[in-house]
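A.B. asks: can you look at this prediction? I've put the sequence above it.
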Amino acid sequence: MRKEKIKEADSVVVLLNKQHKSVEITWYDPTSKPSWQDMSETDFDPNVCVSRGYLLRNDEDFVTICMHLSASIIGCDDCGHVGDTFTLPKGCIVRMRFLKE
């Protein structure tokens, strides 16, 4: 039983990796300070962040990735589930590169 489940899981991984490419995105995290401050204290840079995931959306304005993929039925393109999704405005993205499988 365990070997069958491992074989099924391997098939799901192969299928999902074909449908959704792995990416690494470097991006600026918009930053704010929620308190009153002197004008001289407002010159600070946003944090630079790096996120990795599976590419779900890449259009003119936004990129969406997810950290987790699952498929209910192997070979079914529209029955998968995603977990831990993350959408970024393109204006925040410094670089996006595709990772080798």
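C.D. replies: The structure has been received and is ready for your questions.
A.B. asks: what is the neighbour count of residue 54?
C.D. replies: 20 (other Cβ atoms under 10 Å). Bear in mind the C-beta positions are built from the backbone N, C-alpha and C, glycine included.
A.B. asks: need the helices for this structure, in chain order.
C.D. replies: Ranges of helices in the chain, per DSSP state H, are 2-19.
A.B. asks: quick one, strands of it?
C.D. replies: Remark: strands assigned in the chain by DSSP state E are 22-29, 47-58, 62-71, 80-89, 93-98.
A.B. asks: looking at those strands, which is closest to residue 40?
C.D. replies: strand 47-58 (20.9 Å; Cβ to Cβ).
A.B. asks: for the closest one, name the packing helices and strands.
C.D. replies: strand 22-29, strand 62-71, strand 80-89 (3 or more Cβ pairs under 8 Å, 6 or more residues apart in numbering; DSSP states H and E).
A.B. asks: what strands line up against the first one, and which way round?
C.D. replies: Within its sheet, and counting by DSSP bridges, strand 22-29 is paired with strand 47-58 (antiparallel), strand 93-98 (antiparallel).
A.B. asks: before we move on, back to that, what's the closest of the helices and strands packed on strand 47-58 to residue 47?
C.D. replies: Using Cβ to Cβ, these put strand 22-29 closest to residue 47, at 4.4 Å.
A.B. asks: tell me which residues in the closest one are buried?
C.D. replies: Going by neighbour count (16 or more other Cβ atoms under 10 Å), the buried part of strand 22-29 is 23, 25, 27.
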